[in-house]
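Undergrad: Predicted model follows, preceded by the sequence.
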Amino acid sequence: AQSVTQPDIHITVSEGASLELRCNYSYGATPYLFWYVQSPGQGLQLLLKYFSGDTLVQGIKGFEAEFKRSQSSFNLRKPSVHWSDAAEYFCAAEISNFGNEKLTFGTGTRLTIIP
Amino acid sequence: DGGITQSPKYLFRKEGQNVTLSCEQNLNHDAMYWYRQDPGQGLRLIYYSQIVNDFQKGDIAEGYSVSREKKESFPLTVTSAQKNPTAFYLCASSPTGPNTEAFFGQGTRLTVV
């Protein structure tokens, strides 16, 4: 079955430190890949997406993600986190050519920033 | 400004009552979606619609109903048949076709007491 796994439920990082959030997918073919961020009680905002081409993808708010086919991974990174980055982060994947009805989400990683 | 509007933000209902959550978009997107979010479970698809007057069940459609009479609107009714309706509900929309992304509303938190 198609699935997206985020192995870390909760991560705590000091402000100014680097960040990496892990995401692995299990699909028969390479899916489209997304990272979304959610602040408490809010909707989801797209950080970045990978459809094809360059495997290092730049997003908003200084985030980037690297697609690694050999590892079936799409990890999210930021070189220096800010207190405002505290939120929940969702990795998602889909393999439809017709829309997003097959968008599958991971269970999310909650990011806490300490001073 | 273009976007997706969900209302209300908070909703309280007594057990056994049906309740309808509103979702309106002015992005001219053909496709719309409803997700349910529970702690530790990510987002699960309830229903989706790719075109007016047509919709399909998602992974957890039991106890829910939808309609799509207008392109801009995709209301979700949580019926009394839904065993555990208390949750955060998110509406999304997207263009159809490849290489598209979903845009989300701000969500409605439903509490059934």
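TA: Happy to help now that I have it.
Undergrad: Return the residues of chain B in contact with chain A.
TA: Contact residues, chain B versus chain A (CB under 8 Å from any CB of the partner chain): B:4, B:6, B:31, B:33, B:40-45, B:48, B:50, B:56, B:58, B:88, B:90, B:92, B:94, B:96-107, B:109. C-beta here means a position set from N, CA and C on the backbone, and glycine is covered the same way.
Undergrad: pLDDT at residue A:40, what is it?
TA: For residue A:40, the model assigns a pLDDT of 88.
Undergrad: Which strand residues bridge the closest residue to residue A:10 other than its chain neighbours?
TA: Nearest in space to residue A:10, with sequence neighbours left out and distances taken as CB to CB, 6 or more residues apart in numbering or on different chains, is residue A:110 at 4.8 Å. Beta bridges link residue A:110 to residue A:10, residue A:88, judged by DSSP bridges.
Undergrad: Tell me if I'm right that residue A:110 and residue A:6 touch.
TA: No. Counting by CB atoms under 8 Å, residue A:110 stays clear of residue A:6, with 10.2 Å between them.
Undergrad: hey, what's in contact with both of the two?
TA: Jointly contacting residue A:110 and residue A:6 under the rule CB atoms under 8 Å, 6 or more residues apart in numbering or on different chains are residue A:89.
Undergrad: Neighbouring strands of the lowest-mean-pLDDT helix or strand in chain A in the sheet, and parallel or not?
TA: When each helix and strand of chain A is scored by mean pLDDT, DSSP states H and E, strand A:104-105 comes last, with a mean of 89. Take DSSP bridges as the rule and strand A:104-105 pairs in its sheet with strand A:87-94 (antiparallel).
Undergrad: May I see the buried residues of the helix or strand hosting residue B:36?
TA: Element membership of residue B:36, judged by DSSP states H and E, is strand B:31-37. Residues B:31-37 are the ones in strand B:31-37 that count as buried (16 or more other CB atoms under 10 Å in any protein chain shown).
Undergrad: For residue 98, give me the pLDDT.
TA: Since you didn't name a chain, this refers to chain A. pLDDT recorded at residue A:98 is 55.
Undergrad: Chain B, not that one
TA: 71.
Undergrad: Double-check that it belongs to a strand.
TA: No. Using DSSP: H, G, I helix; E, B strand; the rest coil, the assignment for residue B:98 is coil, not a strand.
Undergrad: Quick check: nearest residue in space to residue 93, chain neighbours excluded?
TA: Answering for chain A, as no chain was given. residue A:31 (4.0 Å).
Undergrad: actually it's chain B I care about, not the one you picked
TA: residue B:29 (3.9 Å).
Undergrad: That'll do, ta.
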